[in-house]
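S.K.: output the structure for:
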Amino acid sequence: MHYVGIDWVDEKHDIYITNDSGKKLSCFEISNDRKGMLKLLAKAQKLSKDTSSVLFAMEKSSGPLAEFILDHNYTLYSINPKVVDRYRDRHRISGAKTDPIDAMVLAHILRTDRHQFRPLLPDSELARKIKLLSRDRDNLVKAKTRILNKLRANLKEYFSAAARAFKKLDRPEVIKFLRKYLTHEETAQLGREEIKNFFPGSGHTFKKIEKIYNILQVPSIEALQFIVEAKKRYTLALLAQLPPLIKQIKEYTEEISRLLDKHPEKNIFRGLPGSGDTLSARLLGELGDNKERFKDYSSYQCYGGTAPITKYSGKMRRGVKARRACNKGLKETVSQLAFCSLKRSTWAGEYYIKKRKGGYSHS
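M.R.: Got it, this is the predicted structure:
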């Protein structure tokens, strides 16, 4: 067997190759481009024509290089950086750390302890695309949330009535309203009908309109004029970012639903209580559709971070603690799915209420 350790860096990658005897066979650099990848492939093919006898190890589990290795039918192991850090001490007590040293450590990890790790098993292209789109959509949603938080905080500094009047600042009619009326002085002059005309057919009932009107009529502490002028500009800047972001999120959602329709296991994920297309797609993407990746459900639990870690030694008893080394995206998705299932699953709702009464937090 031949073992190839790859220390991944933005500009270049250090490569170290060894065999079962631990002998250094080669150590070199490749550029982070197609030329560098082909150089690595040529070296691997020179070692053996049998792809199963050349094993690769690197800290990253995704990216062009990982995809390149897997696409050429080689076996790739993704090693956690913490593991590499611990193994490094076996080779350098001094604590020395360089890219070539890390490449060497990765190669020897496979040589001595390969049985402790699982190789990366690629999912179908459809599942991988759903995963990437779902993660990117989630990042867009988080970006929108950050803008909304900044907008609300900004309004509180000079126009607190608007922050109280509108719970959802990302609604099109609210954005349009705030673009036209940027201060409390302007909105205080509005009548009920003027406000009502601003929210036609938007789900704002008479009670909601009345509530908005009453909040905007209440006198508030007036900010100094220079503060108002500065914050008005910032409000407009934040409002301008929301419509295109909301549009992109909607388009991502539609595309993810379209791809989910094509997947043969769509009904399994859509059948979970409380899971809409967005959550179903995220769950499918993070779990993957390669049945060989995990042998049993406990492995999935460890991967998703829901299996606790037990710690005890001699007289020391620390009980259990949460697992942090896991797929954070899957852990977050499972948490959201659990929350969404409370109103759709009787036993889930009852279990949640029981635990809350027992003193547990929401999470």
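S.K.: give the next helix or strand downstream of the helix or strand containing Gly319.
M.R.: If you go by DSSP states H and E, Gly319 is part of strand 316-321. Per DSSP H and E, the first helix or strand lying C-terminal to strand 316-321 is helix 328-340.
S.K.: what's in contact with the helix or strand just after that following helix?
M.R.: Moving toward the C-terminus from helix 328-340, the next helix or strand (DSSP H and E) is helix 346-357. For helix 346-357, contacts defined as CB atoms under 8 Å, 6 or more residues apart in numbering pick out 273, 338, 341-343, 362. In short, each C-beta sits where N, CA and C put it, glycine included.
S.K.: those residues, buried ones only, as a ChimeraX selection?
M.R.: Buried residues within those, by 16 or more other CB atoms under 10 Å, are selected in ChimeraX with:
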select :338,341,342
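S.K.: and the closest residue in space to Lys129 that isn't next to it in sequence, how many neighbours does it have?
M.R.: With CB to CB, 6 or more residues apart in numbering as the criterion, Lys129 has its nearest non-adjacent residue at 6.3 Å, and that residue is Leu259. For Leu259, the count of nearby residues is 20 (other CB atoms under 10 Å).
S.K.: which other helices and strands contact the helix or strand where Leu40 lies?
M.R.: Assigned by DSSP H and E, Leu40 belongs to helix 34-47. For helix 34-47, the packing partners by 3 or more CB pairs under 8 Å, 6 or more residues apart in numbering; DSSP states H and E come out as strand 2-8, strand 12-19, strand 24-31, helix 64-71.
S.K.: by contact count, what packs against the very next helix or strand once past it?
M.R.: Under the assignment DSSP H and E, the closest C-terminal helix or strand after helix 34-47 is strand 54-58. In this structure, strand 54-58 packs against strand 2-8, helix 64-71, strand 75-78, helix 99-113, with contacts taken as 3+ CB pairs under 8 Å, 6+ apart.
S.K.: strand partners of the first one, parallel vs antiparallel please.
M.R.: With DSSP bridges as the test, strand 2-8 is paired with strand 12-19 (antiparallel), strand 54-58 (parallel).
S.K.: wait, which of the ones you listed is closest to Val174?
M.R.: strand 54-58 (47.3 Å; CB to CB).
S.K.: which SS class is Gly22?
M.R.: Secondary structure, DSSP: H, G, I helix; E, B strand; the rest coil: Gly22 is coil.
S.K.: who's in contact with it?
M.R.: Applying CB under 8 Å, 6+ apart, the residues near Gly22 are 108, 111.
S.K.: let's go with 10 Å and repeat that
M.R.: Gly22 makes contact with 3, 107-108, 111-112, according to CB atoms under 10 Å, 6 or more residues apart in numbering.
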